[in-house]
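Enquirer: predicted coordinates and the sequence they were generated for:
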Amino acid sequence: MRTFRQMIDAINTALRRIPTWVLYLLGSLYPVWLLYLGMTGGLGADPVKALEHELGERALQLLILGLAVTPLRRFVGVNLIRFRRALGLLTFTYVALHLLVWLLLDVQIVSQILADIAKRPYITIGMAGFVLMVPLALTSNDASVKRLGRKWKRLHLLTYPAAFLGGLHYVMLAKGFQIEPLIYLTVIVVLLALRLFGFVVRSFVVLRV
């Protein structure tokens, strides 16, 4: 019978054999599959809303998985570090597609779009989260890491408020009391708290040294 450590080592060995392009490929094919379902009646009576919802929820799931990379390595031993950039870029892509579906297929009228952003808090919060993600996506490459140096890590701290705003957007979007959006937000808050706890502990150790 395998020990827990052996199981984790086996998982990490299997993960090392998976090239990152596989994740990009699967992540790229899923929106195409959703579009196909929408065009063939597979997304129900309101395919635009269904497409918008699916892209938004998958973006949240990818975002949570990206936030979980460090805690999984630190507390469990599962190493997904090599996939973190792909997860971040796919998250941004799904959020952008979610936004485009809302803009081009749902609302369509420019004046209405601007009015909704200004008057509906959940849309304002969602847009704010997307804006924070733009510089993260633009600098998720080796050239930017090298050019920005230490500033790159500080810039990518924007991941945390962007993640919180994404979870809050989903909670506010839901009509009435729904447990699923609250679960997403709770998981995001817990993961952010773990990152904050790790930062505080490291800072305390540095100060003690």
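Expert: Sure, I can see it.
Enquirer: where in the protein is pLDDT low?
Expert: Counting by pLDDT under 70, the chain shows low-confidence ranges at 1-2, 198-209.
Enquirer: contacting residues for the one residue sitting closest to the centre of it?
Expert: For the chain, the residue lying nearest the average C-alpha position, counting by Cα atoms, centre = their mean, turns out to be L63 (2.0 Å). L63 is in contact with T91, A163, G166, I188, counting by Cβ atoms under 8 Å, 6 or more residues apart in numbering. For glycine as for every other residue, the C-beta is placed from the backbone atoms N, C-alpha and C.
Enquirer: who wins on neighbours among those?
Expert: Neighbour counts for these were taken using other Cβ atoms under 10 Å; the highest belongs to T91, which has 28 neighbours.
Enquirer: was I right to think L97 contacts S28?
Expert: No - L97 is not in contact with S28 according to Cβ atoms under 8 Å; the separation is 10.7 Å.
Enquirer: neighbour-wise, which of those two wins?
Expert: L97 (20 against 11).
Enquirer: show me what counts as buried in the helix or strand encompassing that one.
Expert: Assigned by DSSP states H and E, L97 falls within helix 84-100. When neighbours are counted by 16 or more other Cβ atoms under 10 Å, the buried residues of helix 84-100 are found to be 84-99.
Enquirer: relative to L168, how far out is the residue nearest to the centre of the chain?
Expert: When distance is defined by Cβ to Cβ, to the nearest Å, L63 is 12 Å away from L168.
Enquirer: residues near N79, how many?
Expert: Other residues within reach of N79 by the criterion other Cβ under 10 Å amount to 15.
Enquirer: separation between it and A118?
Expert: N79 sits 44 Å away from A118, taking Cβ to Cβ as the criterion.
Enquirer: what's V171 in contact with, if anything?
Expert: Applying Cβ under 8 Å, 6+ apart, one finds that V171 lies in contact with P181, L182, Y184, L185.
Enquirer: can you tell me which two in those are farthest apart?
Expert: Distance extremes for the contacts of V171: the farthest pair is L182 and Y184 at 7.3 Å, using Cβ to Cβ.
Enquirer: neighbour count for these two, which is higher?
Expert: Between L182 and Y184, Y184 has the larger neighbour count (other Cβ under 10 Å), namely 20 against 14.
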